[in-house]
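Q: coords please:
(2 chains)
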Number of protein chains: 2
Amino acid sequence: MSRGPAPARFSLNQETIRQWSLPELVAGCTAAGVAAVGLWRDPVRRFGVRETAKLVAGAGLRVSSLCRGGFFTAADPAGRAAAREDNRRAVEEAAELGADTLVLVSGGLPEGDRDLAGARRRIAGILGELAPYAAAHGVRLGIEPLHPMYAADRCVVSTLGQALDIAEQFPAEQVGVVIDSYHLWWDERLPAEVRRAGGGGRIVSVQVADWVTPLPKGVLLGRGQLGDGSIDLRAFRKLTDAAGYRGPVEVEIFHPGLWAREGTEVLREVIERYREHVA
Amino acid sequence: MSRGPAPARFSLNQETIRQWSLPELVAGCTAAGVAAVGLWRDPVRRFGVRETAKLVAGAGLRVSSLCRGGFFTAADPAGRAAAREDNRRAVEEAAELGADTLVLVSGGLPEGDRDLAGARRRIAGILGELAPYAAAHGVRLGIEPLHPMYAADRCVVSTLGQALDIAEQFPAEQVGVVIDSYHLWWDERLPAEVRRAGGGGRIVSVQVADWVTPLPKGVLLGRGQLGDGSIDLRAFRKLTDAAGYRGPVEVEIFHPGLWAREGTEVLREVIERYREHVA
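A: Coordinates of the predicted model:
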């Protein structure tokens, strides 16, 4: 059963169907009428950044995001220098791909460090150098707050309010925020912070995945297929619409259950679920 | 090596050493000079509420908390009536034990429900009946916010700010808040909200456990021994002191590693860690 091309704002983050190679991703999305994809640096680098850019552009696909830069929280000079270098490479890759935004995940606490407030303060320091570099390459940075359960080991930016507090230290055309339902759905301040983000022209990416329990060990690969969990995804999408966001809505689900299946079938299901629960 | 009795404000939540029977708990705490314990309804009911009250009082132990009432979020009348009844029993048990506070965990989203704001609103409804009942029994209620990773399936109250928004609808001598490092350490608003709680005389219990990663499947039994994780526990305790809290600091760690060991040895280690990282 075909229902015509995917909804216009639908974007597929490639990690949702990570079993696909880049050519399979591009062919699969083209066949399904998907207009945009979110890419990850590792598979892009393995395939070649230039080759990926050609492949994607040749198919007329928009790159809604590149994941990811960041990991800014090192306290030692060597760690900070390495982060600076790696993020410059990420900016160059995002520029070559023509990505709408380079997603930044801040990083967690350095080993043995318990100073969460200090780690949070260090982020703006590196951004002060990275943002102009990105602007010179025509790349917009997007700070992504992750769920508080990742605060220690992955991302000390835990709420949209915190992400905006950092982003607003820079021009809106240089630094915005990534709003992902999975990370933010629980926050009662979300409606107010989404309005704040939209009002300031700071929403550079919107992503969706559902919240399902029980969470798996390590809590990394437990994101739910749209409609399988507890999030009112349509209300979430409408919230970002009401704040003025008109860009792609990227489906980013990390789940071994989806990775074990045939990619075309997964994409068909994801698009159906998107129509039913998001669009 | 003995270092004399446990610090004066130290309290042991019985789930930290759940391998102990109630008589073992009371004997172990007495021998170690522990002045207060936090109890759980299930083991207390199995041993007998009256028998537990006698045993604990006979040993001169203070009951810093009884866990727990709550689970208020049912949307159907039968579910709400059952919650009302169960919470009245919990109040009666807390009164018989002479517990400082009855800890309330709100409950998660009802099956198939995605209306988080609605579930949050229903809590105050049941409290409106329960708080006067508790007051009549000389029992103070403590709303415990749990980490946002439990918002769907366990507790829709995810921040201290939300807990206070609810508690403040009732007299301070009837309803306060429980402040647990494990659930709240990531929240940048924590210092301000702890001050708000202390200023209003709302802090009825302070609990500590450390945050360790990776989280286990189900994320329920991964709390860390004091000092093993990412939380600056001394800063956390000082924050509650500065807000005027002078009561017991209860160690509540759910960890199979501690449950597999000999209880006296676990208590000795917990007290040492408490001296090193909290006191």
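Q: all strands of chain A, in order?
A: Counting by DSSP state E, chain A has strands at residues A:10-13, A:36-40, A:62-70, A:102-105, A:141-143, A:175-180, A:203-208, A:210-211, A:223-224, A:249-251.
Q: To B:Asp100, which of the ones you listed lies closest?
A: strand A:210-211 (34.5 Å; C-beta to C-beta). Any C-beta I mention is one placed from the backbone N, CA and C, and that applies to glycine too.
Q: near chain B, which residues of chain A show up?
A: A:109, A:113-117, A:120, A:147-149, A:151-153, A:158-159, A:162, A:185-188, A:211, A:213-219, A:229-232 (C-beta under 8 Å from any C-beta of the partner chain).
Q: Mind checking which of these land in helices?
A: Residues of the residues of chain A next to chain B located in helices (DSSP state H): A:116-117, A:120, A:162.
Q: Pipe these into a markdown table and attach neighbour count per row.
A: Formatted as a markdown table, these follow (neighbours: other C-beta atoms under 10 Å in any protein chain shown):
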| residue | neighbour count |
| --- | --- |
| A:Leu116 | 24 |
| A:Ala117 | 11 |
| A:Arg120 | 20 |
| A:Gln162 | 21 |
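Q: Out of the residues you listed, which is nearest to chain B?
A: Using C-beta to the nearest C-beta, A:Gln162 comes nearest to chain B of those, at 6.2 Å.
Q: Contacts only, for that closest one.
A: Going by C-beta atoms under 8 Å, 6 or more residues apart in numbering or on different chains, A:Gln162 touches A:120, A:145, B:188.
Q: will you turn the residues you listed into JSON lines that also has distance to B:Val49 and pLDDT?
A: Output for the contacts of A:Gln162, formatted as JSON lines (distance: C-beta to C-beta, whole Å; pLDDT from 0 to 100):
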{"residue": "A:Arg120", "distance to B:Val49": "46", "pLDDT": "93"}
{"residue": "A:Pro145", "distance to B:Val49": "45", "pLDDT": "98"}
{"residue": "B:Glu188", "distance to B:Val49": "41", "pLDDT": "96"}
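Q: Can you pull up the most central residue in chain A?
A: A:Val103 (5.5 Å; C-alpha atoms, centre = their mean).
Q: Return the per-residue confidence for that one.
A: If you check A:Val103, the pLDDT there is 98.
Q: same question, A:Arg3
A: For A:Arg3, pLDDT reads 64.
Q: A:Thr73 now?
A: So, for A:Thr73, pLDDT stands at 87.
Q: Check the burial of it by counting its neighbours.
A: Residues near A:Thr73, counting by other C-beta atoms under 10 Å in any protein chain shown, number 25.
Q: which one is A:Arg196 nearest to, not counting chain neighbours?
A: A:Leu164 (6.0 Å; C-beta to C-beta, 6 or more residues apart in numbering or on different chains).
Q: Just to check, that neighbour is in contact with A:Ala197?
A: Yes. Between A:Leu164 and A:Ala197 there is a contact under C-beta atoms under 8 Å: 5.9 Å.
Q: where do the contact lists of the two overlap?
A: A:Val177.
Q: need the contact list for A:Glu31.
A: In this structure residue A:31 is Ala, not Glu. Contacts for A:Ala31 (C-beta under 8 Å, 6+ apart) come out as A:Thr264.
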